[in-house]
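1. sequence isn't available, so here's the structure alone:
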C-alpha cells in the first residue's frame with residue numbers, strides 16, 4: 001500500500017489537531033476520499049501544523065519520515081514565513097535575508113525528502129498563495145511571487161513536481177467571488193480545498 005505524507009501549516013492541518021479525524025477537514029481529507037472512491041488504496045498521514053514555518057517543519061521532519069517512510073510527500077509551506085517578513089517591520093534588505101534563509105532551508109528540505117535507501121520518492125511541492133482580500137495582503141504578493149520562483153527551481157533541481165496554485169485560485173475567486181475560495185485571505189473555504197485536492201489527485205493518479 002503506497003504511503004502518502006502531507007506536510008505543511010494550518011492550510012494542511014485544517015483542524016486535525018483538534019478533531020477526531022486525523023486527516024483534518026481540508027484538502028488532505030478530500031484527496032483521501034477521491035483516491036479511495038477511484039479504487040486507489042493509499043495510507044495517508046496529515047502532518048500539517050497550524051503556525052508552522054519552514055524552519056519548524058524541518059525541525060520535526062526527520063522523525064516523521066522515519067516513522068512513516070512515505071512513498072509520496074506533498075509540501076505546502078511558506079505563507080507564515082512571508083508573514084514574518086511582512087509583519088515585523090523589517091527593511092527590504094532584512095526581508096531578502098529572510099528569503100535567502102528560506103531558500104536554503106527549502107533546498108535542505110528537498111534533499112532530505114529525496115534521500116531514500118531503496119526507491120525514488122515522489123515529491124509534490126505546492127506553491128504558497130495569498131489573496132488580496134482583505135487588501136492588506138496585496139503587499140505580500142511580490143515576496144510570494146519571488147518565493148514561488150525559488151520553489152519551482154528547487155523542484156526542478158531535485159526531481160520534484162511543482163504545483164502552481166496562485167493563478168488558478170485567483171481566477172476562481174474572480175469567477176465566483178473571493179468569499180467562495182478564501183475565508184480570510186490566507187485560508188481556504190471548502191471550495192478552495194476542493195480545488196487544491198482535485199489538482200493533487202490528478203497529479204498523483206497520472207503517476208499510477
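-> Thanks, I have the structure now. Just so it is clear, the model here is predicted, and its values are computed rather than measured.

2. helices along this structure, start to end?
-> 10-13, 27-37, 54-68, 79-87, 92-114, 141-157, 166-176, 178-181, 190-206 (DSSP state H).

3. quick check: buried residues in the last one?
-> So that's helix 190-206. Neighbour-count burial for helix 190-206 flags 192-197, 199-201, 204 (criterion: 16 or more other Cβ atoms under 10 Å). In this view, the C-beta of every residue, glycine as well, is placed from N, C-alpha and C.

4. quick one, which of the helices of the chain is nearest to residue 43?
-> The closest of those to residue 43 is helix 54-68. By Cβ to Cβ, the value is 8.2 Å.

5. mind checking the helices of the chain for the one nearest to residue 134?
-> Among those, helix 178-181 comes nearest to residue 134, with 9.6 Å by Cβ to Cβ.

6. do you know how far residue 80 is from residue 139?
-> 16 Å (Cβ to Cβ, to the nearest Å).

7. nope, residue 81 is what I meant
-> 15 Å.

8. neighbour count: these two, which is higher?
-> Neighbour comparison, residue 81 and residue 139: the larger count goes to residue 81, with 25 against 11 (by other Cβ atoms under 10 Å).

9. how about the contacts made by residue 160?
-> 110, 113-114, 123-125, 154 (Cβ atoms under 8 Å, 6 or more residues apart in numbering).

10. would you mind finding the most buried of the helices of the chain?
-> helix 10-13 (a mean of 23; mean count of other Cβ atoms under 10 Å).

11. give me the contacts around that helix.
-> 6, 24, 26-28, 46-52, 76, 79, 186-188.

12. in ChimeraX, how would I select the buried members of these?
-> Remark: buried members of the contacts of helix 10-13, expressed as a ChimeraX selection using 16+ other Cβ under 10 Å:
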select :6,24,26,27,28,46,47,48,49,50,52,76,79,186,187,188
